[in-house]
Each structure stands twice: as structure tokens, then as C-alpha cells.
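Novice: Next input, structure requested:
(one chain, ligands or ions: 1)
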Amino acid sequence: MNPTPLRILVHGASGRMGRALLRLAGERDGLRVVAAVSRSGEPLPEADATGVPVLAVADLSRAPDCDLVIDFSLPEAFDGVLADCVARGRALVSGTTGLSPAQREALDAAAARIPVLWAANFSAGVAVLHALVRQAAAALPGWDADIVESHHVHKKDAPSGTALFLGEAVAAGRGSAPHYAALRAGDIVGEHLVQLTGPGERLELAHRATNRDIFARGALEAALRLAGKGPGRYGFGELLLGGGTN
Ligand code: NAD
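Specialist: Take a look at the predicted model:
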């Protein structure tokens, strides 16, 4: 066990992902959540259970010192947490999707100052799927390519960040982007189907997440692997599997 645990601030703590992170952080040796930040700063049972202070985002600058921020929030909250990480020299692991092109550029700029890992999806299965999709698209360049994604009704961005990430793999493989379709229904955690269709046959590559704990565990793993690294832009696939750049 690491004698000096990595001190983590969870940003977006009151959300579905933030609460999963607070609940699961205790499973991991080598890290300790020192603060939870949400829009309102209202108490959270998951934070109370472990004595973690909850702050409103307006009080972010007064949060206890930490080494790394894990952010699962919304695009409107993202600029503030990124600026805070750069100003204080904190590493950032973010899974917030729906970022604008300007926000993606700001991530690249921040990487000159701090270690940054942004990923559309923190599951090991999707990291592997990305490589498979690229290989399949390269082998079948003339086929139609479509990505169908399904998520719960509360998800705001569409197509999902993961669909776009898999779309990059399609484009890298065959030179052109796929078509996207997005479904919002019930409490679906996240499903992605990449379909390559040729004359008389169809290849389907699919990933289904049935529990969002996988994303929280993946982000905690990413935080531990990012610890101690120098400034730069890191990928989840690269850190987890030694390949890809998710
Ligand atoms: P949610 O809506 O349940 O929670 C959003 C959180 O952001 C809340 O804590 C809220 O207080 C905070 N927030 C919202 N606006 C804010 C503001 N202006 N300032 C400060 N904080 C603000 O969302 P969720 O389901 O937990 O998902 C969070 C993000 O993570 C989304 O972008 C989602 O698409 C993404 N996500 C990514 C992965 C992945 O593996 N990368 C997996 C699941 C979800």
C-alpha cells in the first residue's frame, strides 16, 4: 500500500457518477478522497459516510489541498474546474462529455502545465472495442458504417462521447466517419453498437454497460496510474492497456 495516499477531489460529486466515485473510492488502496464538490454543496450520504467535506462549486478555491481532481460533471461546469487545476498544479482525470471544440482545445493547452486524462469512456471493454472497430473498418473500407448508442433519459449530449470516440476509430480505419443514431430510454447505463454493412452480410461489434460502477472504478484506476506523471495529455487506453489514446 502507498504510504502517502493520492489526495483526490471529486468534482460533480452529487451526480450519478460522482456518488459512485465517493462510494467506491474506499475500495482502493493508495488514494483518499479529501473533498467533494457539487453545484449546490448540499450534504451527500456517500460523503457523510466517510467524513468527506462537501463544498459548493463557488467555494472550489477554498477546498482542501489535493493532488488530483476527478471530474464527472457537465460542460458548463468544466471550464472552472480545468482553470482551477491549472492554477493549482493539480492533475485532472475527467469523464465529462459533450465538451465543445474550444473546451477540447483548452484541455490540450492545460496539458502543457498539468497531467490531463480525459476519456469518453472509462470501461476496459470500450478501450478494447476501439481497437477492434479500427481494425474492422480498415478491413472493410467500402461497407456502410453506423453507430447506434442507447442511454438513460437524463443524458444530455447526443451522440454520446463514446459513440464519437468509436466514430474516430471508424474514420481512422476507413477514412470516413460513420452515421450516428442515438436512443434515450429508461435507465439504460450505456450501449454502443458499431455496425458495418456490406452486400449480403453485416458485422456487429457491441458493448453494453449494465452498471456505471465500471466507469467509476476505471476513473479511480486512471487516477492511480496518472499519479506522479509529468504534464501532458494521457489516454485511458494507453494507461490501462498500453495502447490506444482514449
Ligand atoms: P449528473 O447530471 O447526474 O451529475 C452532474 C454533476 O455535475 C452534479 O454533481 C452537478 O452538481 C454538477 N454540475 C452541474 N452543473 C454544474 C455547474 N454549473 N457547476 C458545478 N457543478 C455542476 O451526471 P452523471 O450521470 O453523473 O454524468 C456526469 C458526466 O459524466 C456527464 O457528462 C456524462 O455524460 C459523463 N459520463 C462519462 C462516463 C465516462 O466513462 N467517461 C460515464 C458516465 C457518464
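
Novice: and V148, that one's in a strand?
Specialist: Yes. According to DSSP: H, G, I helix; E, B strand; the rest coil, the state of V148 is that of a strand.

Novice: What's opposite it in the beta bridge?
Specialist: A181, L193 (DSSP bridges).

Novice: Spell out which parts of this protein neighbour the ligand.
Specialist: Residues of the chain lying close to the ligand (C-beta under 6 Å from any ligand atom) are 12-18, 38-39, 57, 72-74, 76-77, 95-98, 119-122, 155, 212, 215. Heads up, the C-betas are built off the backbone N, CA and C, glycines and all.

Novice: Among those, filter down to the buried ones and hand me the ChimeraX syntax, if you would.
Specialist: Typed into ChimeraX, the line below selects the buried ones among the residues of the chain next to the ligand, using 16 or more other C-beta atoms under 10 Å:
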select :12,13,14,15,16,17,18,38,39,57,72,73,74,77,95,96,97,98,119,120,121,122,155,212,215
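
Novice: In strands only, show me the residues of the chain next to the ligand.
Specialist: S38 (DSSP state E).

Novice: so of the residues of the chain next to the ligand, which ones are in helices?
Specialist: Members of the residues of the chain next to the ligand lying in helices (criterion: DSSP state H): 16-18, 76-77, 215.

Novice: And the furthest pair within the residues you listed?
Specialist: Considering C-beta to C-beta, no two members of those lie farther apart than E76 and F215, which are separated by 20.5 Å.

Novice: Is L55 in a helix, a strand, or coil?
Specialist: Reduced to three states with three-state DSSP, the structure at L55 is strand.

Novice: Quick check: the gap between it and the ligand.
Specialist: Here the distance between L55 and the ligand works out to 10 Å (C-beta to the nearest ligand atom, to the nearest Å).

Novice: repeat for G175
Specialist: With distances taken as C-beta to the nearest ligand atom, G175 is found 27 Å from the ligand.

Novice: just checking, that residue touches P141?
Specialist: Yes. Here G175 reaches P141: they are 6.9 Å apart, a contact under C-beta atoms under 8 Å.

Novice: Spatially nearest residue to R212 (excluding sequence neighbours)?
Specialist: Distances taken as C-beta to C-beta, 6 or more residues apart in numbering put V189 closest to R212, at 5.2 Å, once the chain neighbours are dropped.

Novice: List the residues that contact the single nearest residue of the chain relative to the ligand.
Specialist: In the chain, the residue that lies nearest the ligand is G15 (2.0 Å; C-beta to the nearest ligand atom). Residues touching G15, when contacts are defined by C-beta atoms under 8 Å, 6 or more residues apart in numbering, comprise 38, 72-73.

Novice: This protein: helices as residue ranges?
Specialist: With DSSP H applied, the chain shows helices at 16-24, 45-48, 75-88, 101-110, 124-139, 161-174, 213-226, 236-241, listed in chain order.
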